[in-house]
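Student: return a 3D structure for these sequence lines:
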Amino acid sequence: MDFWRTKDMPLEQAAPIAGQSVDGAPLDVMAMSDEQPVIVYFWATWCGACKFVSQL
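Tutor: The predicted model follows:
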C-alpha cells in the first residue's frame, strides 16, 4: 500500500461531497458527518472488485 501513498497532501479544503441515495433522496455528506463518521460506499457496474464484493 505504501506504493500508492503520496507525500504531496493537498493543503486546501476538499470540495463538498453531495449526491443522492439509492432511492433518489439528496445527501449532504458533510452535514451528515457533523456528529458521527460517515462511510461512503462507491460502486460501479464496470468495476470487477465491486461485483465480487456485492454480488447482486
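Student: quick check, pLDDT for the residue lying closest to residue 29 once chain neighbours are set aside.
Tutor: Sequence neighbours aside, residue 17 is the residue nearest to residue 29 in space, at 4.1 Å (criterion: Cβ to Cβ, 6 or more residues apart in numbering). In short, each C-beta sits where N, CA and C put it, glycine included. Residue 17 carries a pLDDT score of 79 in this model.
Student: any idea how far residue 17 lies from residue 27?
Tutor: Residue 17 is 8 Å from residue 27, where distance means Cβ to Cβ, to the nearest Å.
Student: what of residue 38?
Tutor: Residue 38 is 9 Å from residue 27, by Cβ to Cβ.
Student: tell me who's in contact with the residue nearest to the spatial centre of the chain.
Tutor: Nearest to the mean C-alpha position of the chain, counting by Cα atoms, centre = their mean, stands residue 40 at 3.9 Å. Contacts for residue 40 were tallied using Cβ atoms under 8 Å, 6 or more residues apart in numbering; they are 17, 29.
Student: again, 6 Å this time
Tutor: Not one residue lies near residue 40 by Cβ atoms under 6 Å, 6 or more residues apart in numbering.
Student: please apply the same query to residue 16.
Tutor: Applying Cβ under 6 Å, 6+ apart to residue 16 gives the contacts residue 30.
Student: tell me the SS of it?
Tutor: Following DSSP: H, G, I helix; E, B strand; the rest coil, the label given to residue 16 is coil.
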